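**Student:** Predicted model, plus sequence, below.
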Amino acid sequence: MTETGKPIDRVDGRLKVTGAAKYAAEYNQPQMAYAFPVRSTIANGTIASVDTNAALQSPGVLMVLTHENAPRLKALDPQELSQAGGRLGENLVPLQDGRVHYFGQFIGVVVAETYEQARHAAGLVRVAYAEEKPAIDFETELLKGFRPETAQGQPAQLNTGQAAPLLAAAPVKIERTYTTPTENHHPMELHSTIAIWEGANKLIVHESTQSVMTVRAVVAYFFSLKPENVRVLAPYIGGGFGSKGNPWTNIVLAVMAGQAVNRPVKLVITRHMMQTNVGRRSETKQQVALGAGSDGKLAVMRHHNNSYSNLTQYFERSGSPTEVLYSAPLREITYQVARLNIGASTFVRAPGDAPGSFALESAMDELAYELKIDPVEFRVINHTTTDPLSKLPYSSEHLIECYRTGAEKFGWARRKQQPRQTRDGRYLVGYGTAAATYPASRASASARVRLAADGRVIVQSATLDLGTGTYTIMAQTAADALGVSVERIAVEIGDSDLPPAPVSARSITTASVLPAVLAACEMLRKDLMQLATADAKSKLNGVNPAEIIFSDAKFFARSDRSKSDSYSDILRRNNKTALEACTTAMPASGSGLGAPGASCILAPTDSEENSDAQKYSFHSFGAQFAEVRVDEDLGLIRVKRFTTVHDVGRIMNEKTARSQIIGSVTYALGETLMEETLFDKRFGNPVTRTLADYHVPVNLDVPPIDVHFIGKPDPHISPIGARGLGEIASVGVAAAVANAVFNATGKRIRDLPITPDKLL
Amino acid sequence: MRPFQYTKVNDASAAVQAVSANANSQFLAGGTNLIDLMKEDVACPVELVDITRLNLTQISTVAESGNLSIGALAKNSDTANHPVVRQNYPLLTQAILAGASGQIRNMATNGGNLNQRTRCSYFYDTAMPCNKRELGSGCGALEGINRYHAIFGWSEQCVAVYPSDMAIALAALDAIVQVQRADGTQRTIAFADYHRLPENNPEKDNSLNPGELITAIELPTNNFADRSYYLKVRDRSSYAFALVSVAAALEMDGNQIQQARVAMGGVAHKPWRALEAEEFLTGKTATAANFQAAAEAEMRQAKPLEHNQFKVELGKRIIARALMQAMNDGRA
């Protein structure tokens, strides 16, 4: 492999920085109308009456839809939708009834000639409610909450009650409560839709989404269309972080509005709506108890997780790092979930593991301190090479190397075990560390490759690039597999008419899509080689295919490089303008995608790969190191530098990978230091309404981030050996910083975010 | 945003006439706050009178008094970086640069900065009660989320805080606001009288009468330039409103404090002059203990709400630290 791993620039970089890359909201159409939602101003109750007269009379207004006049869509049966390949962020179909489940819910939509007219008229819709007391207070509602049996397919009540006797007997133990606040995703690009009906049965949707396939399934389902008659396009996305993983009510609203006015309709939600209508990470309250022998060996781990949920089965699986890390003989992991009148909780970058690791890895630091053992050594002492729950070995695991590399690069040896030992002027200086882990998932994915006689290659898949580098690493993979330079390869993605690929979430794109690209390229290469060896006019005629090598868009005989044949010559001699191959790479471990595209055939997976899913547990690992400076008089904290080391299999492009890690750490620093959505308990409105009060980091909040990779391919996840890396670097950041704050000041912060008031 | 009429005028008298003639008319300068408020349907003017062509951008010394006159339409950035401001009023430079972002400061004018409105979330959200937006609807923040809210001078009607950084320095520097009346005549307002406490009329932020236009802000000469400091604590490193900020300035006679000025931001409905602290310090020596005692004297009268009790302790520490920094030649 010559291209793979190279830190080449993004192939779409120029388009991005020159503004030529078009995003969903930029596909303006002739005759396009604009939709603006009407939102509920209560959090619980029913709509008593709606008066749309003023809105209808407002200039430019074409239509006002509410539950009173909106078309009735197919009723939601989540099971049926799921079988059709669809999922919703919240199980709520807009404008089908007058029930209000949360503040800001879409209860109407105004369609007008201009955006301003639609927005203005939306404010003129008068709504009266029969209001009921909303359930907003997390603490109170937790008491009435429920204990789920499963958490996204995993048992949600593990070894209930079994930890207590072991904790009682443990020579050294700690028991602490940690909390993390509600967090919103806030990618730069707002959720945007342009719905273009082409007659009654056909539809094009430009959508800012992490899955064109899911949007297609959802739209086809509710509007009773054939999936192949719905084309969803998302060539570029301005970030998602999970908020665009499952479709939300705004998409259905836009398509409904387009149908109602029989014109193309654009609906772009506002930043306020990003706080209420497209999901959030729920608040968590986590009780962690750890017991160890005086030798530092963990005897028992208990992690009780509280979160909230609404309109979906989703809740924050914050116990997940405790399932994976450390070799304790017994672990008890349980969940309690409150039902609140807040929009649905959903996955946010590193779901479960990001808040969960704050609790677990803070507790590990607290126990290491009690034991008077260095926190890195404490983790090494308790290291496990097998998955504690499944008892399977990890497919490829180098966590101790992450600790050692990180400690060396960071200068961990300079750390003092006792807090308050290091000062720099008025600042107290502290070092902290934490482990990171994240599931290494892979799903089936399809790709098509087309080689034209002019030597150009097109690689296609209905996957997406969230700004992460998918375009680039697909090109690099194809370049190596075909022996063609990256410049000759065009990548086409973000189109539901292309061979299907899974949702770009859970860090699965690299692990899932690249094996499909590789398989399709190999299939094409073999077909092309066969044309050459069977062709009397080829210098390679009759040469054993095993003896043929390839590079520079040519085949060569290994033993005699003068025997060669170029791809273009082979196609021309065979009167072909192009050659094409399409495959679906389906790991036995992966989740299905339904039937592969008609033109795609299943890639042959060898039996070895098929059985790996039963033989190994797939996870990525990492180590985080933070230096903080705290002005304890004023409660000011600055993260001075950050070292992050990750074991994520093969690195496909060192540059885009590094950018992903920097982004993940930055994202998590926001969650560590400032991000917090607060709700008024009386009204259920988020008091943090916009980016003016939902703070995300500014440049000055983000220190230099020193990124290192172990870089050892995972031999079991795929022939490529790359696992995903979009989320793992968000795991453990909060704990590393909070542990550094303790090392600096002697003060434990167990409640995120670490704002000045908490440090006083 | 509601439809509105837009008028552009060329001189101050035309501006005040236009706005006086229409009760629902407002001046438009940098627009960095007003346009946001209009988008949110909080400000609903039917007419905007664009005053950006008015010749009110000069920053110059007034011959008779020696005061520095800062034009109402001078941009925040230009004001902060003006050589005379940097030299003689570094406290103002620091305060301006602690606010907003570079882009906003490039658009925002000095007069507009004074008249920016609270960032209280209940004020911005038209679904919420707010007496400042709609008198009689109640105060959402009083028993709501009030971490950012007032600890001094609030009323049952309103607990909002005034958001400007620039104005905190202006308060400490005893600035004078020059105003053109609706009838074309001029009047001056002492800075301490310019902004109001909420009392029973939180809808009124300041003492301007309808149609009155700020033309300039005057800074009296002082001996604070070598001993002043603006210190702001916020939830991130920049581009956030103050939890608490302090503008501190000292005039020394040897080791004795001749005159002290302390103004606080993020704590009240107006720039809060810490008169207790100032009085305590006058004639005292400049020691950490005295700064501490002055801070405590001031914060004794604080009345925190449910979520902002931390501001009392934080306020003490910021006052003491800002005074210490001022002593240490805290230039911008």
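**Tutor:** Good, I have the coordinates. Because the structure is a prediction, the values reported are computed rather than measured.

**Student:** going forward, measure contacts between C-alpha atoms and count neighbours the same way
**Tutor:** Will do.

**Student:** what about the longest helix in the chain?
**Tutor:** If you meant another chain, say so; for now it's chain A. helix A:509-533 (DSSP state H).

**Student:** that's the wrong chain, I wanted chain B
**Tutor:** helix B:310-327.

**Student:** State the mean pLDDT of it.
**Tutor:** Taken as a whole, helix B:310-327 has a mean pLDDT of 98.

**Student:** Just checking, which helix or strand succeeds the longest helix of chain A along the chain?
**Tutor:** Sequence order places strand A:548-551 as the next helix or strand after helix A:509-533, per DSSP states H and E.

**Student:** Sheet partners, orientation included, of the next helix or strand after that following strand?
**Tutor:** Counting by DSSP H and E, the next helix or strand C-terminal to strand A:548-551 is strand A:554-557. If you go by DSSP bridges, strand A:554-557 pairs up with strand A:548-551 (antiparallel), strand A:564-566 (antiparallel).

**Student:** Go ahead and name everything in contact with the longest one.
**Tutor:** For strand A:548-551, the external contacting residues (C-alpha atoms under 8 Å, 6 or more residues apart in numbering or on different chains) are A:482, A:483, A:484, A:555, A:556, A:557, A:558.

**Student:** Relative to the whole chain's centre, how far out is that strand?
**Tutor:** 38 Å (C-alpha atoms, centre = their mean, to the nearest Å).

**Student:** For residue A:578, grab the count of nearby residues.
**Tutor:** 16 (other C-alpha atoms under 10 Å in any protein chain shown).

**Student:** So what does it have for phi and psi?
**Tutor:** Per-residue torsions, residue A:578: phi -160, psi 160 (degrees, to the nearest 10).

**Student:** for it, what are its contacts?
**Tutor:** With C-alpha under 8 Å, 6+ apart, residue A:578 has these contacts: A:450, A:451, A:452, A:453, A:571.

**Student:** For chain B, see how far away the closest residue in space to it that isn't next to it in sequence is.
**Tutor:** Nearest residue to residue A:578, sequence neighbours excluded (C-alpha to C-alpha, 6 or more residues apart in numbering or on different chains): residue A:452, at 4.1 Å. Residue A:452 sits at a distance of 49 Å from chain B (criterion: C-alpha to the nearest C-alpha, to the nearest Å).

**Student:** Residue A:452 reaches residue A:575, doesn't it?
**Tutor:** No - using C-alpha atoms under 8 Å, residue A:452 is not in contact with residue A:575; the gap is 11.5 Å.

**Student:** Tell me, what's the model's pLDDT at residue A:296?
**Tutor:** pLDDT recorded at residue A:296 is 98.

**Student:** what secondary structure does it sit in?
**Tutor:** Per DSSP: H, G, I helix; E, B strand; the rest coil, the secondary structure class of residue A:296 is coil.

**Student:** So it versus residue A:169, what's the distance?
**Tutor:** Using C-alpha to C-alpha, to the nearest Å, residue A:296 is found at 14 Å from residue A:169.

**Student:** And for residue B:57?
**Tutor:** 76 Å.

**Student:** ok, now residue B:188?
**Tutor:** 77 Å.

**Student:** Over to residue A:370?
**Tutor:** Going from residue A:370 to residue A:169 by C-alpha to C-alpha gives 16 Å.

**Student:** Which positions in the stretch 101-250 of chain B make contact with chain A?
**Tutor:** Counting by C-alpha under 8 Å from any C-alpha of the partner chain, the stretch 101-250 of chain B comes close to chain A at B:121-122, B:127, B:144-145, B:233-240.

**Student:** Looking at the residues you listed, which are in strands?
**Tutor:** Residues of these located in strands (DSSP state E): residue B:233.

**Student:** Please enumerate the helices of the stretch 201-350 of chain A.
**Tutor:** Along the stretch 201-350 of chain A, the stretches classed as helices by DSSP state H, counting those that start in this stretch are A:212-222, A:249-261, A:271-276, A:320-324.

**Student:** which stretch among those helices comes nearest chain B?
**Tutor:** With C-alpha to the nearest C-alpha as the criterion, chain B lies closest to helix A:271-276 of the helices of the stretch 201-350 of chain A, at 10.0 Å.

**Student:** quick one: is that closest one near chain B?
**Tutor:** No - shown here: helix A:271-276 not in contact with chain B (C-alpha under 8 Å from any C-alpha), separated by at least 10.0 Å.

**Student:** same question for that helix, mean pLDDT?
**Tutor:** Helix A:271-276 shows a mean pLDDT of 97.

**Student:** Highest mean neighbour count out of the strands paired with strand A:554-557?
**Tutor:** Mean neighbours per residue, mean count of other C-alpha atoms under 10 Å in any protein chain shown, is largest over these for strand A:564-566, with a mean of 20.

**Student:** So what touches the next helix-or-strand element following that strand?
**Tutor:** Next helix or strand after strand A:564-566 toward the C-terminus (DSSP H and E): helix A:567-573. Applying C-alpha under 8 Å, 6+ apart, the contact partners of helix A:567-573 are A:452-455, A:528, A:531-532, A:538, A:553-555, A:577-579.

**Student:** So residue A:478 sits against residue A:519, correct?
**Tutor:** No - judged on C-alpha under 8 Å, residue A:478 makes no contact with residue A:519 at a distance of 9.6 Å.

**Student:** What count of nearby residues applies to the residue nearest to residue A:359 when sequence neighbours are not counted?
**Tutor:** Nearest non-adjacent residue to residue A:359, counting by C-alpha to C-alpha, 6+ apart: residue A:178, 5.6 Å away. Neighbour count for residue A:178, taken as other C-alpha under 10 Å: 21.

**Student:** got it, and residue A:329?
**Tutor:** Residue A:329 has 11 nearby residues by other C-alpha under 10 Å.

**Student:** do you know how far it is from chain B?
**Tutor:** From residue A:329 over to chain B (counting by C-alpha to the nearest C-alpha), the distance is 42 Å.

**Student:** From the rest of the structure, what touches the host helix or strand of residue B:171?
**Tutor:** Residue B:171 is located in helix B:166-172, with elements delineated by DSSP H and E. Defining contact as C-alpha under 8 Å, 6+ apart, one finds that helix B:166-172 is touched by B:91-92, B:95-96, B:99, B:113-114, B:191-192, B:219, B:230, B:246-249, B:261-265, B:271-273.

**Student:** hmm, try it at 7 Å
**Tutor:** B:91-92, B:95-96, B:114, B:191-192, B:247, B:261-265, B:271, B:273 (C-alpha atoms under 7 Å, 6 or more residues apart in numbering or on different chains).

**Student:** Kindly export that helix (C-alpha atoms) in CSV.
**Tutor:** Output in CSV follows, covering the C-alpha atoms of helix B:166-172 (Å, rounded to 0.1, in the frame of the first residue of the first chain):
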residue,chain,number,x,y,z
MET,B,166,-17.2,49.2,28.0
ALA,B,167,-19.7,50.9,30.2
ILE,B,168,-18.2,49.5,33.4
ALA,B,169,-14.9,51.3,32.6
LEU,B,170,-16.9,54.5,31.7
ALA,B,171,-18.7,54.3,35.0
ALA,B,172,-15.4,54.0,36.8
